[in-house]
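Peer 1: next input, structure requested:
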Amino acid sequence: MTKKYIQENKERFINELIELLKIPSISADPGHKKYILRTADSIKDSLVDAGCKKAEICETPGNPIVYAEHIIDKDLPTVLVYGHYDVQPADPIELWDSPPFDPVIKKTDIHPEGAIFARGACDDKGQLYMHVKAFEYMIKENKLPCNVKFMIEGEEEVGSVSLEWFVKRNQEKLSNDVILISDTGMISNQQPSITTGLRGLSYVEVEVTGPNRDLHSGLYGGAVANPINIMAKMIASLHDENNHITIPGFYDKVIEATLEERAQMAKAPFSIKDYKKALDIEDVYGEKGYTTNERNSIRPTLDVNGIWGGYTGEGAKTVIPSKAFAKISMRLVPDQDPDEITKMFTDHFISIAPKAVKVKVTPHHGGHAYVTPIDNIAYKAANKAYTETFGVEAIPQRSGGSIPIVSLFEKELKSKSILMGFGLDSDAIHSPNEHYGIFNYLKGIETIPLFYQYYTKMFKA
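Peer 2: The predicted model follows:
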C-alpha cells in the first residue's frame, strides 16, 4: 500500500520538497532570519496538512523550534521525530553548477533516477521531509500504530544552543519512548546501514612558551629551549610505537565493541585499495590490532589539527620563537567523559614539559559519545524495515563523527535515539553541489512507516 500511495503522490512529494529547498534558511547568517522564520512556518503548515492534531512555533532565545504531535492512545508508545530546517551557507557559490537555492533535478551515475541539487537537499530538509510525508501516508491510510511527536529545530548548523534550552524546559512535553532521527547516511542504495554509534569529542589548544621574546638562533641556539622543538617532542610522545595513546588513564572507561558488533561491521563492503587510491596514500596508519573502519569509528583518537609558531613568512628568518601553539582534538568512545579526558590531557601534557618551558592548555568544546546497542528493539525494528524495503539486512555502522544533541537527548529525556539515515557519502553535504537522490527520498518515505509498525509491535510484546 505504501508504494501505491507514494507512486500516486510522487510528483507532489518532489515539488513540495523543491519549494522548501528554495528558502535560504542559513542559520549562520543573521541577515537570513526572515528566511528562517519562513521555513519554520512552512514546516508547521506541512505538519498540519499531513494531519497533526497540534502544531506550533515555539520561541527560543534563538531560532524557533517547530513542535507538533499526534497522540492517539497514551497506552501506546510515542516516537519523537527530530530534524533541523536550517542549512549551511552555500559558499563558495562559484563552485556550484547550478544556483544553490534554485533546485534542479539531474541524473548521475549513482542516482540514475535523478537527484535534487540544492543546499539542504540531504542535510537535512530532504531527510526531514521524508518523515512528514511518511506521517501523511500513515494518517491518510489509517496506518499510524502509535503516538508521534515532532521537534524540528533551526540551529543545528550553528551548535543547537537553543535546542538544549528548549529540551531542558519541556521534558514532559517531549516525553517519548524512542527518538527517530534521519540526519545521517547509509552505505549505498543497494546496502542500507544503521548508524549505531557516534564518537564524542575533547578539543583543546596548547601553548608552549620559552624565552620572553624571539631570539637570534645563532646567539642562543643550543642554549635556550626552542618551544617548537619541545612541543613537537611532547606531541610525538602522546602515541607509542603501536599508535596507542599514552596519556595515563585515557582508556580506563573505554567500552570495547562486542565481537558480534565487530563481525557485523565487517560485513560492510570496503576496498582498502580504493580507500588508499581516493586519498592518494601509499598505506593506511593507525592503532595496531584494528581495521581501518574500526580505527575511525569504535576507537578513540588523538590528532593535531593545527600547529604554528615562529617565522612562517617568505624567505628566511633565523629565530628561536618565544611561543609555539597547537590545536588538538580527541575523538572519544563510550564511556569516556570529555571533561575527564580534557583534564587527563591537561595534567599529562603539563607534566611531560621540561622546566625550560611553560605550558598552557585551553579547553574549547567537547561532547559525549553515543551508542545504540544492536539488541535494542528500536534497532531491530529499523533493521526489519530496511530489510523489507531494500531486500537485504542493514549493517550496523559507528560513525567517526559527533552529533552532540543525541547524547543531550539521552541525558535530558532518558530515551535512546535510532539513526535512520538515507543519504550517501557522495551527496556533498556542506559542500557545493549538495544533492539528494529521488530514490533515497522516496525509499525513506516507504521505509519509515514500517519502523513505526515493527517498533510498536515489539514494544507491546
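Peer 1: what are the boundaries of the strands in the stretch 101-250 of the chain?
Peer 2: In the stretch 101-250 of the chain, the strands defined using DSSP state E, counting those that start in this stretch lie at 104-106, 115-117, 147-153, 178-181, 193-198, 200-209, 215-216.
Peer 1: for the second one, which helices and strands make contact with it?
Peer 2: In other words, strand 115-117. Strand 115-117 sits against helix 2-21, strand 104-106, strand 435-437, helix 438-460, with contacts defined as 3 or more C-beta pairs under 8 Å, 6 or more residues apart in numbering; DSSP states H and E. (Each C-beta comes from the backbone N, C-alpha and C, glycine too.)
Peer 1: just those: most buried one?
Peer 2: strand 435-437 (a mean of 29; mean count of other C-beta atoms under 10 Å).
Peer 1: quick one on the thing from earlier: mean pLDDT and distance to residue 184 added to the helices and strands packed on strand 115-117, as JSON lines?
Peer 2: Output for those, formatted as JSON lines (pLDDT from 0 to 100; distance: least, C-beta to C-beta, whole Å):
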{"stretch": "helix 2-21", "mean pLDDT": "97", "distance to residue 184": "19"}
{"stretch": "strand 104-106", "mean pLDDT": "98", "distance to residue 184": "23"}
{"stretch": "strand 435-437", "mean pLDDT": "98", "distance to residue 184": "13"}
{"stretch": "helix 438-460", "mean pLDDT": "98", "distance to residue 184": "12"}
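Peer 1: so which of these gets nearest residue 137?
Peer 2: Each of those was scored for nearness to residue 137 using C-beta to C-beta, and the closest is helix 2-21 (5.1 Å).
Peer 1: thinking again about what came up before, between the strands of the stretch 101-250 of the chain, which gets nearest to residue 96?
Peer 2: Proximity to residue 96 (C-beta to C-beta) singles out strand 115-117 among the strands of the stretch 101-250 of the chain, at 8.2 Å.
Peer 1: what about that closest one, average pLDDT?
Peer 2: For strand 115-117, mean pLDDT rounds to 98.
Peer 1: what does that strand contact?
Peer 2: With contact meaning C-beta atoms under 8 Å, 6 or more residues apart in numbering, strand 115-117 is reached by 14, 17-18, 21, 97-98, 103-108, 121, 126, 427, 433-438, 441.
Peer 1: check stretch 211-226 too.
Peer 2: Stretch 211-226 has contacts (C-beta under 8 Å, 6+ apart) with 210, 310-311, 318-322, 354, 356-357.
Peer 1: how about the secondary structure of residue 302?
Peer 2: strand (DSSP: H, G, I helix; E, B strand; the rest coil).
Peer 1: give me the most central residue, the protein.
Peer 2: Here the mean C-alpha position of the chain is nearest to the C-alpha of residue 403 (C-alpha atoms, centre = their mean), at a distance of 4.2 Å.
Peer 1: which residues touch the residue lying closest to that one once chain neighbours are set aside?
Peer 2: What sits nearest to residue 403 in space, not counting adjacent residues and going by C-beta to C-beta, 6 or more residues apart in numbering, is residue 198, at 5.2 Å. By C-beta under 8 Å, 6+ apart, residue 198 lies in contact with 369-371, 398-399, 401-403, 406-407, 419.
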